[in-house]
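Visitor: Give me a model of this one.
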Amino acid sequence: MNLLADKKIKRSQEPMASAATPDLDPGSQTAEAADRYMSRGSGPVARARTQVAAGLKPAAGLPDLKPMFEVQDLNLYYSKFQALKHINLTIPAHQVTAFIGPSGCGKSTLLRCFNRMNDLLEEVRIDGRILMDGRDLRGPQTDVVELRTKVGMVFQQPNPFPMSIFDNVAYGLRCQGIKDRVYLRQVVETSLKKAALYDEVKDELDKNATKLSGGQQQRLCIARAIALQPQVILMDEPTSALDPIATLKIEELMNDLKKEYTIVIVTHSMQQAARISDKTAFFLLGEVVEFDDTVTMFNNPSDKRTEDYISGRFG
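Guide: Sure thing, here's the model as predicted:
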């Protein structure tokens with residue numbers, strides 16, 4: 001039996017549930033937000049369908065957008081082990097693209113190729129090409145420092161620096177030699193607002209960032225990346241260490257951020273991919289098995305392996 005085709009997703013006619021960020025102060029609205037996040041149905045496919053049907057992501061048939069990354073026949077080896085095998089896909093600009101698949105399938109490895117963080121590892125060999133705005137990221141003309149400014153990254157564990165909230169967000173700009181306090185304050189405030197954190201910390205910008213909650217720390221890390229005015233934000237399981245309320249905050253933030261930035265996220269949560277992504281790539285054993293609009297993949301996958309994975313039969 002085809003577990004994905006037995007029911008069709010019925011789109012909700014109600015306004016989008018995620019159109020506004022909920023007030024997460026203690027009280028009834030917190031409980032309501034938590035209930036909304038946890039209301040996922042029974043079983044992975046049913047939960048994913050519920051989120052899609054609730055309008056928490058765009059519909060299928062998205063318009064063609066300018067590509068941000070074009071991956072062409074990419075292979076990556078850790079010494080003699082081939083971690084990525086003939087990867088070909090196009091990441092559209094100003095959308096959220098999710099990478100899903102079991103552990104060790106190459107999701108994070110490909111993510112790190114977009115800002116060349118794999119260059120920091122020993123015995124890594126890469127062939128093939130990744131184009132960003134039509135330019136080869138591995139070409140001799142690429143300034144890696146500039147690339148990592150354009151392609152920011154948020155990691156699985158929040159990693160605020162042991163300094164004030166203000167200094168965390170301003171850190172990258174100061175490393176670039178910017179010292180104008182008025183300009184720095186303007187950028188810090190704007191970045192914190194874009195990361196949906198400013199209202200919570202505006203009166204304590206001198207507070208040590210390590211004293212923030214986990215969810216606040218992760219949004220601070222997003223603000224720190226935004227301060228450098230990147231084109232792309234890479235997210236490697238950014239909510240895996242967070243509670244449901246903090247996770248909801250980050251997910252709703254992503255929907256706002258894609259208006260200005262391209263977002264690529266690695267997630268082990270199929271429900272999260274269904275909620276927040278426009279495109280999804282399913283990885284298995286170093287290969288991209290399927291890459292499609294998220295609604296299409298979850299409702300009508302073209303490969304049996306994709307169906308088995310998102311149905312919970314393996315992984």
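
Visitor: Could you count how many residues lie near residue 182?
Guide: 7 (other Cβ atoms under 10 Å). Quick note: C-beta positions are derived from backbone N, CA and C, even for glycine.

Visitor: again, but for the one 4 residues further on
Guide: Here the count is done by other Cβ under 10 Å, and residue 186 has 11 residues near it.

Visitor: pLDDT score for it?
Guide: Note on residue 186: pLDDT of 97.

Visitor: hang on, it in a strand?
Guide: No - secondary structure of residue 186 (DSSP: H, G, I helix; E, B strand; the rest coil): helix, not part of a strand.

Visitor: Which helix or which strand is home to residue 112?
Guide: Assigned by DSSP states H and E, residue 112 falls within helix 107-113.

Visitor: What ranges does the stretch 201-315 of the chain have for its strands?
Guide: Using DSSP state E, counting those that start in this stretch, the strands of the stretch 201-315 of the chain run over residues 232-236, 262-266, 279-284, 287-293.

Visitor: mind putting those strands in JSON lines, mean pLDDT, distance to residue 250 and mean neighbour count included?
Guide: Below are the strands of the stretch 201-315 of the chain laid out as JSON lines (pLDDT from 0 to 100; distance: least, Cβ to Cβ, whole Å; neighbours: other Cβ atoms under 10 Å):
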{"stretch": "strand 232-236", "mean pLDDT": "98", "distance to residue 250": "8", "mean neighbour count": "23"}
{"stretch": "strand 262-266", "mean pLDDT": "98", "distance to residue 250": "10", "mean neighbour count": "26"}
{"stretch": "strand 279-284", "mean pLDDT": "98", "distance to residue 250": "18", "mean neighbour count": "25"}
{"stretch": "strand 287-293", "mean pLDDT": "98", "distance to residue 250": "22", "mean neighbour count": "19"}
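
Visitor: Format these as a markdown table; extra columns: distance to residue 208.
Guide: Putting the strands of the stretch 201-315 of the chain into a markdown table (distance: least, Cβ to Cβ, whole Å) gives the following:
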| stretch | distance to residue 208 |
| --- | --- |
| strand 232-236 | 24 |
| strand 262-266 | 28 |
| strand 279-284 | 38 |
| strand 287-293 | 42 |
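
Visitor: looking at those, which is closest to residue 150?
Guide: Among the strands of the stretch 201-315 of the chain, strand 232-236 comes nearest to residue 150, with 6.7 Å by Cβ to Cβ.

Visitor: tilt between the closest one and strand 262-266?
Guide: Computed by axes from the mean of the first three to the mean of the last three Cα atoms, to 10 degrees, the angle separating strand 232-236 from strand 262-266 equals 10 degrees.

Visitor: in its sheet, what does strand 232-236 sit against?
Guide: Using DSSP bridges, the strands paired with strand 232-236 in its sheet are strand 151-154 (parallel), strand 262-266 (parallel).

Visitor: Tell me which of those lies nearest to residue 166.
Guide: It is, among those and with distance given as Cβ to Cβ, strand 151-154, at 18.6 Å.

Visitor: Mind listing what's buried along that closest one?
Guide: Neighbour-count burial for strand 151-154, counted by 16 or more other Cβ atoms under 10 Å, picks out 151, 152, 153, 154.

Visitor: can you redo the strands paired with strand 232-236 as a markdown table with distance to residue 282?
Guide: Listed next are those as a markdown table, based on distance: least, Cβ to Cβ, whole Å:
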| stretch | distance to residue 282 |
| --- | --- |
| strand 151-154 | 22 |
| strand 262-266 | 12 |
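
Visitor: out of the ones you listed, nearest to residue 67?
Guide: Once these are compared by Cβ to Cβ, strand 262-266 is nearest, at 9.5 Å.
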